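>>> my questions concern the predicted model and sequence given below.
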Amino acid sequence: EAGVAQSPRYKIIEKRQSVAFWCNPISGHATLYWYQQILGQGPKLLIQFQNNGVVDDSQLPKDRFSAERLKGVDSTLKIQPAKLEDSAVYLCASSLDVLSRQSGTDTQYFGPGTRLTVL
Amino acid sequence: TQLLEQSPQFLSIQEGENLTVYCNSSSVFSSLQWYRQEPGEGPVLLVTVVTGGEVKKLKRLTFQFGDARKDSSLHITAAQPGDTGLYLCAGHPGSNYKLTFGKGTLLTVNP
């Protein structure tokens, strides 16, 4: 079974530039997550999709970050314009269904992440 | 304020030693999960504990969930270099479905 795919793996940009990340979840997984992991910290949830609808985006800096999952499969996360403090690894994860999430026993499968450096 | 506090932050040991890392909170969690993250990769789920007092074993790894469901520990017996990585605990506080991570313990096992 193929895992969660992300691209690019690395990206270096200057501040105020724009950047986009792509994620392809595991086939059949309804829920997709984007996390930000700053060096020395655990992942922080940015946004969660259930199929193509947003479940939670309370920690997404909406003035500069946007995300979409138009057909309920692939997703893109965009930053425009980037700031120095956006330097981090951006992780995409997916999980199978709503019921296991509600019971707190869902298994999230993570992609390898995109390491963003903002200069 | 960090909801899940992990300790120690860094741990460097020799192959064959035993170790324990901790995950503590003042909040009650409906479940806690432990992940291992290797450099350049995403976290991989090791175990989920759901019941207070629960103990789960995964080969040389033993996971325990506190009776009050506010803390957890991970014990590794006879550590090997392949155990090297960032160990993250994560959980759903109360009825919140959002998965919250600790900062992790970076373990290095030297041959």
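It's in.

>>> quick one: B:G42 is in a strand?
No: using DSSP: H, G, I helix; E, B strand; the rest coil, the assignment for B:G42 is coil, not a strand.

>>> OK, contacts around the residue nearest to it when sequence neighbours are not counted?
Leaving aside its sequence neighbours, B:G42 sits nearest to A:F110 (Cβ to Cβ, 6 or more residues apart in numbering or on different chains; 2.9 Å). For every residue, glycine as well, the C-beta is placed using N, CA and C. Going by Cβ atoms under 8 Å, 6 or more residues apart in numbering or on different chains, A:F110 touches A:4, A:35, A:91-93, B:41-44.

>>> now B:S72
B:S72 makes contact with B:22-23, B:32, B:34, B:49, B:63-66, B:89 under the criterion Cβ under 8 Å, 6+ apart.

>>> contact residues of chain B facing chain A?
B:4, B:30-31, B:40-45, B:48, B:50, B:88, B:90-92, B:97-104 (Cβ under 8 Å from any Cβ of the partner chain).

>>> which of those residues are buried?
Among the residues of chain B next to chain A, those classed as buried by 16 or more other Cβ atoms under 10 Å in any protein chain shown are B:4, B:30-31, B:41-43, B:45, B:48, B:50, B:88, B:90-92, B:97, B:99-104.

>>> which ones among those residues lie within strands?
Judged by DSSP state E, strands contain the following of those: B:30-31, B:45, B:48, B:88, B:90-92, B:100-101.

>>> and those, which two are furthest apart?
B:S30 and B:L88 (17.7 Å; Cβ to Cβ).

>>> burial measure for the closest residue to A:Q80 other than its chain neighbours, as a count.
Closest residue to A:Q80 apart from its sequence neighbours, by Cβ to Cβ, 6+ apart: A:S18 at 4.0 Å. A total of 11 residues lie near A:S18 under the criterion other Cβ atoms under 10 Å in any protein chain shown.

>>> any idea how far A:E85 is from A:S18?
The gap separating A:S18 from A:E85 is 16 Å, by Cβ to Cβ, to the nearest Å.

>>> and what of A:D57?
Separation of A:D57 from A:E85 (Cβ to Cβ): 19 Å.
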